[in-house]
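J.: Pasting the sequence and the predicted model now:
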Amino acid sequence: QVQLVESGGGAVQAGGSLRLSCAASGRTFSTYGMGWFRQGPGKEREFVAAINWSGGSTYYADSVKGRFTISRDNAKNTVYLQMNSLKPEDTAVYYCAADKTGWGTGVVRRYDYWGQGTQVTVSS
């Protein structure tokens, strides 16, 4: 069992930056692929970014490429999402998730554990 706790959300103006963190419990964090997803008001949950167990492979949604960066620190059991050049359309609840296969993926149903989410609000 893995418990995930996100932090770092908040309100920011367009063009600003935020860094989200997701702290994981347990000794197996380094074997999990990790992903960030988001869900805006009235929208389905959508893929943002993913990283494999070692950090050697990363994947991004087209909408965030070049602006967001996913990274992980296995010694700290933490995955990060650096968000730059934020836009109002990035407003959503952001969730981190763990994939037991270790690969990381953009598919929601492939993830086994989810955090409770952190709100990001970008104003114009």
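T.: Received, thanks.
J.: Let me see the mean pLDDT of stretch 75-83.
T.: Across stretch 75-83, the average pLDDT comes to 97.
J.: Nearest residue to the residue nearest the centre of the chain in space, please, no chain neighbours.
T.: Residue closest to the average C-alpha location in the chain (Cα atoms, centre = their mean): residue 36, at 2.3 Å. Closest residue in space to residue 36, ignoring its immediate chain neighbours: residue 48 at 4.3 Å, by Cβ to Cβ, 6 or more residues apart in numbering. Where C-beta positions appear, they are placed from N, C-alpha and C, glycine not excepted.
J.: what's near enough to touch the most far-flung residue of the chain relative to its centre?
T.: The outermost residue of the chain relative to its centre, with distances by Cα atoms, centre = their mean, is residue 124 at 22.7 Å. Going by Cβ atoms under 8 Å, 6 or more residues apart in numbering, residue 124 touches 13, 14, 88.
J.: In TSV: those, plus distance to residue 59, neighbour count and secondary structure.
T.: Formatted as TSV, the contacts of residue 124 follow (distance: Cβ to Cβ, whole Å; neighbours: other Cβ atoms under 10 Å; DSSP: H, G, I helix; E, B strand; the rest coil):
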residue	distance to residue 59	neighbour count	secondary structure
13	28	10	strand
14	25	13	coil
88	24	11	helix
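J.: Tabulate those in CSV, adding columns for pLDDT and distance to residue 69.
T.: Shown next, in CSV, are the contacts of residue 124 (pLDDT from 0 to 100; distance: Cβ to Cβ, whole Å):
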residue, pLDDT, distance to residue 69
13, 98, 20
14, 98, 19
88, 97, 20
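J.: What is the nearest of those to residue 119?
T.: residue 88 (14.0 Å; Cβ to Cβ).
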